[in-house]
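1. Just a sequence and a predicted model for now, questions to come.
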Amino acid sequence: MKALLLIDMQNGFCPGGNLAVPDGDSVIPIANRLIRDGGYDVVVASQDWHPANHGSFASQHLGKKPFEMGELSGQPQVMWPDHCVQGTPDAEFHPDLEVSEIDYIQQKGENPAVDSYSAFRDNDHAALTGLAGYLKAQQITELDICGLATDYCVKFSALDARDMLPNVNVRFISDASRGIDPQAIKDAISEMRECGVDIVTSKVILAD
Ligand code: VGL
Ligand code: ZN
C-alpha cells in the first residue's frame, strides 16, 4: 500500500502567513496532482496546531525576537513568530489544497512545553502522535513525503518515518517541498539521503 504524506501545507507557511516559507504556495498545485494521479492508496496530511501560548513562540520569552535561538524546557529551541495558532486562518490548510481527498489529518504541536517538527512525535521523542499507528494499520509499504518546510518539519518527519517504520520505503519529493534556509535545505536533503530516504521528483511519480 502506498501513502502520500503532505507536511504542513497551511496558510501560515505560505506567502502572507506568519511563518512564510519562500515560494511555499508553489507546492500546492503539485500536491494536488500527486493526490489525483500519483497512484496513492492513502493520503495523509499533518497540520501544525499550536495553542496561543506555545513555548516555541518568541512572544512567550521575555526579550527574545523571532528566529533567535532560545530554550524550551531546557532544550535549545528556535524562537518562531507566533504561527498556526489553533482555530485561526494561519492554521488552516491552503485554500487550494484538495482537502476532500485527505484520508487522515495528523495535528501536532499542541503541547506548549515542547515543539513537534515531526508529524510522528514531539522533538523530545516523549509523546507519539497517532501517525505511525495509522500507517501501520493501513499496511503502508511505500511512503512519499513532501511539503513545508524541507529543513524542519519535512526533514524530521522523513527521518522519523525511517526510524519508526523500518519496513517502509520512504521518499522525499523535492519539487513538492520548499524550505526556509537555502544551506539548511541542502543539509536536510543530504541528511535524509544518508538515512535511507530516496530523493525523487513528482515528474517521476506522475510518469509511473
Ligand atoms: C515548522 C517551524 C515551526 C514546519 C513548524 O512546518 O516546518 N517549522 N513550526
Ligand atoms: Zn510550529
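-> All right, it came through fine. Residues are numbered from 1 along each chain as shown. Ligands and ions are numbered 1, 2, ... in the order given.
2. Assess the claim that residue 147 and residue 31 are in contact.
-> Yes - between residue 147 and residue 31 a contact is recorded at 7.4 Å, counting by C-beta atoms under 8 Å. In short, each C-beta sits where N, CA and C put it, glycine included.
3. overlap in contacts of the two?
-> 6, 9, 176 (C-beta atoms under 8 Å, 6 or more residues apart in numbering).
4. Take those and keep only those in strands.
-> In this view, the shared contacts of residue 147 and residue 31 that belong to strands under DSSP state E are residue 6.
5. With only the CA atoms kept, save the helix or strand hosting residue 132 in PDB.
-> Taking DSSP states H and E as the criterion, residue 132 maps to helix 131-137. Extracted in PDB, the C-alpha atoms of helix 131-137 (Å, rounded to 0.1, in the frame of the first residue of the first chain):
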ATOM      1  CA  LEU A 131       0.500   8.800  12.600                       C
ATOM      2  CA  ALA A 132       2.800   5.700  12.800                       C
ATOM      3  CA  GLY A 133       0.000   3.700  14.200                       C
ATOM      4  CA  TYR A 134      -2.400   4.800  11.500                       C
ATOM      5  CA  LEU A 135       0.100   4.000   8.700                       C
ATOM      6  CA  LYS A 136       0.900   0.600  10.200                       C
ATOM      7  CA  ALA A 137      -2.800  -0.200  10.400                       C
END
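6. Any buried residues in it, and which?
-> For helix 131-137, a neighbour-count test (16 or more other C-beta atoms under 10 Å) marks 131-132, 134-135 as buried.
7. Walking through this structure, point out its helices one by one.
-> Shown for the chain, the helices assigned by DSSP state H span residues 27-37, 131-137, 155-164, 182-194, 202-207.
8. For burial, what's the neighbour tally of the residue nearest to residue 25 when sequence neighbours are not counted?
-> Among residues not flanking residue 25 along the chain, residue 14 sits closest, at 4.2 Å (C-beta to C-beta, 6 or more residues apart in numbering). When counting by other C-beta atoms under 10 Å, one arrives at 25 neighbours for residue 14.
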